[in-house]
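Trainee: predicted model, plus sequence, below.
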Amino acid sequence: MKHWCVWVWFTAGLFMACSSENQWLDTALNLAGDNRAELQKVLDRYKEEDGDKYRAACFLIENMPFHGAYEGKALENYRKYFSEYVSFPYSRHVQELIDSLKRADGEFSINQLTYKRDIMTVDSAFLVNHIEWAFKVWREQPWGKHVDFDTFCEYILPYRIGDEPLSLWRKEIYECYSPILDEFRKTDEADNPKVAAQLLMDTLRKANYRNTALFPVGPHLGPDVLKWHTGSCREFTDAMIYVLRALGIPCGVDRVMVLGDNNASHFWNFVLDKEGKTYIANLPYEEVWSKAEEYSISRGKMYRATYSIDKEAVRKLGKYSDVYPAFRRPFFRDVTALYTGSRNWTVALPDSLLSGQFREGDMVYLCLANRLQWQPIGYTFFKKREARFEDVGGGAVFTLAAWNGKEYAAVSSPFLLERETGKIRFIVPEAEKQELVLYRKCHLTLSVLFNDRMIGGVVEGSDRADFGRKDTLLLIKEAPYRLYTVARLKSDKPYRYMRYKGADGCFCNISELAFYENTEDTIPLYGEIIGTPGSFEDNTHEYLNAFDGNPDTSFDYIHPDGGWTGMDFGSPHRVEKVVYTPRNEVNFIYKGNLYELFYWGGGKWNSVGRQMAVSDSIVYSGFQGALFYLKNHTAGKDERIFEYKDGKQIFW
């Protein structure tokens, strides 16, 4: 991959010397070597026949030196992860499949594959087929009249999405999905590609998708994503693109390099309506296309993937080794302003707030936190004694950094960019210390959903096994903030049967439940576990899990309403205390795990010390006003930066 990046930079350098569009095309043809004749056939065919098709062919060929695909025996081994996950039993964890394939085929690495450049391999028949089909759907569909030529070239015409194997995918996908739009084409809305995209997404969402980010890193899969429906957001966005582009709907993928509140990148689909406005969706989770500015993702910087390289960016970037790797292949455009709307901010820090010496034109990077690292998500050039970043979304903690060709170093204190106002607040440790009582190492991300699902849940007691006559002993009004929540019951009445019943719409999500006869007791009551059988998607999240003593397992009822789990004590017992644990992602503090607290100061992370947790909380003494990070050395990997204010952790 390193050699490919160097090739891209070398090729881009050749193009930068071009002073006209014809020279761009000539340079690409010269790079084709023995394949030049094949590409010339396409140009000769369209030069007199169809001016638009000729320009489209030029667009594809001019940018073709920057694209290619991987091949090799190991590629099939990689594809097995996705194809075999389709029929893999729901009752088994995906890690079992991964381990099985590793034993059979060995560890997969993209370095086992050979990279083939399109400019040297694409033949005339292949290119003509794609151009003809792209123009067919553009010119024949009623919404095509609202798609200008440049938009068509970038978001309908490309024969590939990423680095997947080449294929003639348009005809088959068109014939499969076009009938869905037959009746729509007769309506008054037939000229709106966004409405057509909605009908197609309605169909795509009916498939059974299996999401995992645990598979090895590898190339794009190609149109097979439409039959497998497995993988992560990258594979799901690819599936949508194949269908929409095959039907002449301008679309693509937008992304963040890293989320402002999570240690991950993210991809999602966009589609353009008849006015060219952006609508977005995450297949298969969202039912409708929504306006870009309504997307609630923690932003920072948003980018739109393109087939064409950003020539102006390459011209400005300069020497290859001087550029942080993520920006060496600029096949994207900054579309942050489309998402931030009125909350679009400028971050400008003068040199007085930066450490180190900067010269006019030096690159400075805007960074977001990714565990204990600061990951660049944007860049600017130092100018007029300041680093100025346009189009930044707030609601996240940033820092600025410099890259020396081998590593990067923070050059500013971390700062919060307020989402609503655009104001900057620097996060700097003070001299005074405070006591920190910590319950988590990470904000709850998906567990926010799980935690909130406990709101409205009730603990009930009864003298009947069917709970036909029952008393409500506890109503959970707030989402749990720690691993084990202790609730005291005030009823003096003894019950043989007790249960936790989830609120409607919450799938009775709960991880652990325990009943105690006295508030001082440390050993819970035992009996026969009772509840509603069945779990969502698989049989690994049954009601029995609530009493297995393992907070990592949970009950996830098969239906959103009516689920419960409880215990038959065999005889009536008075219960004074209930302890419960929400379904979670192992981000709470766990007894017996080794933790280490860090704070940011002096341009680096500094250790406050290590502790072995003896309960579901740990206590440290740390500087007021500091930015902290709590690492679990025993288990887990999701950890986030946080502030500590008013006795609470505020995660970013």
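Mentor: Arrived safely, thanks for sending.
Trainee: who's Trp600 bridged to?
Mentor: Trp605 (DSSP bridges).
Trainee: give me the pLDDT for it.
Mentor: pLDDT, Trp600: 98.
Trainee: for burial, what's the neighbour tally of it?
Mentor: Look at Trp600: counted by other C-beta atoms under 10 Å, it has 25 neighbours. Where you see a C-beta, it was placed from the backbone N, CA and C, and this is true even at glycine.
Trainee: for Asp148, same thing?
Mentor: Neighbourhood size, Asp148 [other C-beta under 10 Å]: 10.
Trainee: report pLDDT for it.
Mentor: Value for Asp148, per-residue pLDDT: 97.
Trainee: what separates it from Tyr307, distance-wise?
Mentor: 16 Å (C-beta to C-beta, to the nearest Å).
Trainee: do the same with Met363
Mentor: Distance from Met363 to Tyr307, by C-beta to C-beta: 26 Å.
Trainee: also Arg464?
Mentor: 67 Å.
Trainee: more neighbours: these two, which one.
Mentor: Tyr307 (20 against 11).
Trainee: show me the domain layout of the protein.
Mentor: 73-112+123-305, 311-426, 433-444+588-651, 456-581 (automatic domain parsing).
Trainee: need these in a markdown table (columns: distance to Leu39).
Mentor: Formatted as a markdown table, these follow (distance: least, C-beta to C-beta, whole Å):
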| stretch | distance to Leu39 |
| --- | --- |
| domain 73-112+123-305 | 7 |
| domain 311-426 | 20 |
| domain 433-444+588-651 | 46 |
| domain 456-581 | 49 |
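Trainee: these two touch, right, Glu154 and Thr306?
Mentor: Yes. Using C-beta atoms under 8 Å, Glu154 is in contact with Thr306, at 5.6 Å.
Trainee: need the residues touching each of these two.
Mentor: Gly252 (C-beta atoms under 8 Å, 6 or more residues apart in numbering).
Trainee: per-residue pLDDT, Asn587?
Mentor: pLDDT, Asn587: 88.
Trainee: please disregard the earlier target; I meant Ser607.
Mentor: 98.
Trainee: name the SS class of it, please.
Mentor: strand (DSSP: H, G, I helix; E, B strand; the rest coil).
Trainee: got it, and Ser412?
Mentor: The local conformation at Ser412, judged by three-state DSSP, is coil.
Trainee: what count of nearby residues applies to it?
Mentor: If you count neighbours by other C-beta under 10 Å, Ser412 ends up with 22.
Trainee: and what of Thr380?
Mentor: When neighbours are counted by other C-beta under 10 Å, Thr380 registers 18.
Trainee: the lengthiest helix in the chain: which residues count as buried?
Mentor: Under DSSP state H, the helix in the chain containing the largest number of residues is helix 124-140. By neighbour count on 16 or more other C-beta atoms under 10 Å, the buried set for helix 124-140 is Ser124, Phe126, Leu127, Val128, His130, Ile131, Trp133, Ala134, Phe135, Val137, Trp138.
Trainee: where does pLDDT dip in the stretch 351-500 of the chain?
Mentor: 444-448 (pLDDT under 70).
Trainee: can you give me the strands in it?
Mentor: With DSSP state E, counting those that start in this stretch, the ranges of strands along the stretch 351-500 of the chain come out as 363-370, 373-381, 386-392, 396-403, 408-410, 415-417, 424-426, 433-438, 458-462, 470-475, 485-488, 495-501.
Trainee: and these as TSV, adding distance to Thr278?
Mentor: Listed next are the strands of the stretch 351-500 of the chain as TSV, based on distance: least, C-beta to C-beta, whole Å:
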stretch	distance to Thr278
strand 363-370	22
strand 373-381	19
strand 386-392	14
strand 396-403	21
strand 408-410	31
strand 415-417	22
strand 424-426	28
strand 433-438	40
strand 458-462	44
strand 470-475	43
strand 485-488	43
strand 495-501	43
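Trainee: residue farthest from the centroid of this structure?
Mentor: Ser571 (50.5 Å; C-alpha atoms, centre = their mean).
Trainee: which one is the residue sitting nearest the centre point of the chain nearest to, not counting chain neighbours?
Mentor: For the chain, His266 is the residue whose C-alpha lies nearest the centre (C-alpha atoms, centre = their mean; 2.7 Å). Nearest in space to His266, with sequence neighbours left out and distances taken as C-beta to C-beta, 6 or more residues apart in numbering, is Val256 at 5.4 Å.
Trainee: quick check, pLDDT for that neighbour.
Mentor: pLDDT, Val256: 96.
Trainee: correct me if wrong: it contacts Lys301.
Mentor: Yes. With contact defined as C-beta under 8 Å, Val256 reaches Lys301; the gap is 6.8 Å.
Trainee: which element follows the least confident helix or strand in the chain by mean pLDDT toward the C-terminus?
Mentor: Lowest mean confidence among the helices and strands of the chain (mean pLDDT, DSSP states H and E): helix 2-16, at a mean of 54. Later in the chain than helix 2-16, the nearest helix or strand by DSSP states H and E is helix 21-31.
Trainee: what's that next one packed up against?
Mentor: Contact partners of helix 21-31 among helices and strands, from 3 or more C-beta pairs under 8 Å, 6 or more residues apart in numbering; DSSP states H and E: helix 2-16, helix 36-49, helix 51-63.
Trainee: just the helices in the stretch 101-250 of the chain please.
Mentor: Here the stretch 101-250 of the chain has its helices, by DSSP state H, counting those that start in this stretch, at 124-140, 149-155, 170-177, 193-204, 225-228, 233-246.
Trainee: how far does the first one sit from its chain's centre?
Mentor: Taking the mean C-alpha point of helix 124-140 and that of its whole chain, the gap between them comes to 33 Å (C-alpha atoms, centre = their mean, to the nearest Å).
Trainee: quick one: residues in contact with that helix.
Mentor: 38-39, 41-42, 45-46, 50, 52-53, 56-57, 60, 144, 147, 152, 156-157, 159, 166, 168, 170-171, 174, 245-248.
Trainee: drop anything exposed from these.
Mentor: 38-39, 42, 45-46, 53, 56-57, 60, 144, 147, 152, 156-157, 159, 166, 170, 174, 245-248.
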